[in-house]
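**Student:** coords please:
(2 chains)
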Amino acid sequence: MRADGVFIAVEVDDRAAADRELANKLTEVCPVDIYAQRGDGTLEIVERNLDECVLCRLCLDASPDGAVKVIKRYDNEAVLV
Amino acid sequence: MRFFEYEAREIVKRAGIPVTDYGFTTDPAEAGAIAKRIGAATVIKSQVLSGGRMKAGGVKFADTPEQAEAHAREILGLEIGGHLPRGVLVDPRAEVEQEYYAGVVWDGTRKRPVMIFSPVGGIDIEQVAEQQPEAVGRRHFSNVLPLSDFEAKEVIASSGVTGSALNQLVPILTRLARVFVENDMTLAEINPLGRLRDGSFVALDAHMEMENEARGRHAKLLGELGVGEEETRQAREATPFELAGAAVDAIDHRGVAGNVTEFDGNLGLVIGAGGGSLTLFDAVRAHGGRPANYCEIGGNPSVAKACGLAKLVLSKPGVERIAVMMSIVSNTRVDIVARGVVKACLELGYDPAEKIAIFRIPGAWEEEGFKILERYHVEYADRSVSLNEAARRAVEKIEEGVAA
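**Tutor:** As a prediction, the model looks like this:
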């Protein structure tokens, strides 16, 4: 799944998005509430908060390598590493 | 924050400065009763925050309680400067031999309070200072160190007052200066301060203003005076534009993007950082620019807040462009502000390159911020460009637009 703001896009692979435990972790670590859990516990990306991303990398640290990508749309789609 | 006269009189009274046996009421019948208690001729004064009460018919003289009641009824329904009075003050008509002036005001340039005294009262002190400068004594004093009676004595004596009057006036001015400091006032004025036939002194009118930011420190006093937390008590009511600015600032807890003041120019300002707002506003004016607003941004506001503020300013009728400028920031992220202002332009259907005259915010995360600005072709400046130069460029761009 991918969601785009004006400046920031977030891409989460489908397997990770379905992982309720990971969804819970991402919801907890993001300081600007980009992640939330749906009623069934799976991951939801809150589009209205995407541009608030502070590039803190906490979501990257909380998830398996490559499962979550934070993309800087203003920087030729550079992926935050 | 301004006080009504009846509140200022109460503050003066609590400080131990003699006042007349006045009464405040919102009820005409009670005004009559107060006049009866006074048992002499009275003056009925409208309690409004705007000036020009006398001219507007807000001050009337009464010889009997019945007259006092009738005048109170009339004054309570009389709008002055667009405001109905809070109530009326019923004051004895003191038999005054001479009117004096005593005041303390904050000197923003010297960053110290200054005591002012004159034996010529009842009129604006500015007028006295212009026409009879020798009749005005003044002296700065410390708002940190203890205040000595001697300081007040020197001020009063320098205005030509001597003898018994001098001795009686010293504690009045000293107490007024203490009231000023203890209550974080920006102005504490007794005008006129009357000398009665028996030689005693009494405050006949008082005008006080408290530093708005200090309201929290004086909650007890304000509560006792009945000043509501919702009352702004500013020189004028906030405009819808300014209220909208406050609403933007209240979107979330992050940083500041508000304190908006409306002006009628064509250059919108999104400015801030540790006094940067004032400096930049002045710089724009010094270069002949006409700001559409003043505001303060800092403390790392959210993108939503920066966006909301920029949208508000951009939407103001007459605004041609905005200038986004701050001094070097360490606790505000450049990229977050850049996202906010660019997003504001995009959401309003404007080209950011066209609408943002200049973006001059150097500091934390500037590399990311500048990438955003480059992506949208917005002219930006780093710390090698002074605030003054950035303001000049912004004004120049507006003038280019006008010329074209």
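**Student:** residue ranges for the strands of chain A, please.
**Tutor:** Secondary structure of chain A (DSSP state E): strands located at A:2-4, A:8-12, A:35-37, A:43-45, A:68-72, A:78-79.
**Student:** among those, which is nearest chain B?
**Tutor:** Chain B sits nearest to strand A:68-72 of all these, at 7.7 Å, using C-beta to the nearest C-beta. Placement of C-beta: from N, CA and C, glycine included.
**Student:** the closest one: partners in the sheet, and parallel or antiparallel?
**Tutor:** Note on strand A:68-72: by DSSP bridges, its sheet partners are strand A:8-12 (antiparallel), strand A:78-79 (antiparallel).
**Student:** pick the most buried one from these.
**Tutor:** Most buried of these, by mean neighbour count (mean count of other C-beta atoms under 10 Å in any protein chain shown): strand A:8-12, with a mean of 22.
**Student:** residue 42: neighbour count?
**Tutor:** Assuming you mean chain A. Using other C-beta atoms under 10 Å in any protein chain shown, A:Thr42 is surrounded by 15 other residues.
**Student:** actually, chain B is the one I wanted.
**Tutor:** For B:Thr42, the neighbour count with other C-beta under 10 Å is 30.
**Student:** what's the pLDDT at it?
**Tutor:** You'll see B:Thr42 listed with a pLDDT of 96.
**Student:** residues contacting the residue of chain A found nearest chain B?
**Tutor:** Chain B sits closest to A:Tyr74 of chain A, with a gap of 4.3 Å, by C-beta to the nearest C-beta. By C-beta atoms under 8 Å, 6 or more residues apart in numbering or on different chains, the contact set of A:Tyr74 is A:Phe7, B:Lys371, B:Ile372, B:Arg375, B:Tyr376.
**Student:** and if you look at B:Ile75?
**Tutor:** Applying C-beta under 8 Å, 6+ apart to B:Ile75 gives the contacts B:Ile44, B:Lys45, B:Ser46, B:Gly57, B:Gly58, B:Lys60, B:Pro85, B:Val88.
**Student:** what residues sit buried inside stretch B:310-326?
**Tutor:** Neighbour counts over stretch B:310-326 (16 or more other C-beta atoms under 10 Å in any protein chain shown) mark B:310-314, B:316, B:319-326 as buried.
**Student:** whoops, stretch B:209-225 was the one
**Tutor:** The neighbour-count check on stretch B:209-225 (16+ other C-beta under 10 Å) flags B:Glu209, B:Met210, B:Arg215, B:His218, B:Leu221, B:Leu222, B:Leu225 as buried.
**Student:** taking the stretch 101-250 of chain B, what residue is nearest to chain A?
**Tutor:** The minimum distance from the stretch 101-250 of chain B to chain A, using C-beta to the nearest C-beta, falls at B:Val248 (15.2 Å).
**Student:** neighbours around B:Arg392, how many?
**Tutor:** The number of residues near B:Arg392, taken as other C-beta under 10 Å, comes to 19.
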